[in-house]
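Undergrad: kindly generate the corresponding structure for this input.
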Amino acid sequence: MKITLTKAIALGALILLADRISKALMLKFLAPAGTVVFAPFFRFTYVENTGAAFGMLAGRNAFFVIITVLLLGGIFYYRRQLAEHGKMASLAMVFICAGAVGNLYDRLAYGYVVDFLDFRVWPVFNLADSFISAGGVLLAWAFYFNSPDEKKAPSGMKLSEEK
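TA: Alright, predicted model coming up:
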């Protein structure tokens, strides 16, 4: 079973909208304050991230724009093959693409990604990062547990026994 294109676009748009709204609020209200503490283990901390996850390769914004565009292009190109791994793989692609577009927007509009979720034991991140990570986990899960029905060994024999 696959997610329809309409549902995928709607879900992706909702994820992107939530990401954009959260970042706009952080730019307006959190940037001047820097940090707002909610609990000993959680706070909003405004960070302008010019690198990748954990601030790796900071200052290489153009590189990450190119990588993101290539990633999105690859997912689009292989979307049918990826979707053969089931609904979870389709959902994973929506999560990854929506998160990637959210961070790509930041890189193009501001020259950095706005991060703000701070759990104190993990580097500061944002909603887009969360969906990219969740999508990666879902995609790995789908690949591991849902192989395409027509996948065959080179000899033409099925890889798994029919029950």
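Undergrad: do a quick rundown of the helices in the protein.
TA: Along the chain, the stretches classed as helices by DSSP state H are 5-25, 31-33, 61-77, 79-83, 87-110, 127-145.
Undergrad: nearest to R43, out of the ones you listed?
TA: Smallest distance to R43 across the helices of the chain (Cβ to Cβ): 10.7 Å, for helix 31-33. Where you see a C-beta, it was placed from the backbone N, CA and C, and this is true even at glycine.
Undergrad: and for the most centrally placed residue in the chain, nearest residue in space, chain neighbours not counted?
TA: Residue closest to the average C-alpha location in the chain (Cα atoms, centre = their mean): I132, at 1.8 Å. Spatial nearest neighbour of I132, excluding adjacent residues (Cβ to Cβ, 6 or more residues apart in numbering): G99 at 3.7 Å.
Undergrad: likewise F38?
TA: F44 (7.2 Å).
Undergrad: A33 versus that neighbour, what's the distance?
TA: Relative to A33, F44 is positioned 8 Å away (Cβ to Cβ, to the nearest Å).
Undergrad: more neighbours: which of these two?
TA: Comparing F44 with A33 by other Cβ atoms under 10 Å, the one with more neighbours is F44, at 19 against 11.
Undergrad: surely the more buried one meets L27?
TA: No: using Cβ atoms under 8 Å as the test, F44 is too far from L27 to be in contact (11.9 Å).
Undergrad: kindly list the longest strand within this protein.
TA: Using DSSP state E, we find that the single longest strand of the chain is strand 42-49.
Undergrad: shaky segments in the chain?
TA: 1-2, 148-163 (pLDDT under 70).
Undergrad: if we go to 90?
TA: 1-5, 33, 52-59, 79-80, 83-84, 145-163 (pLDDT under 90).
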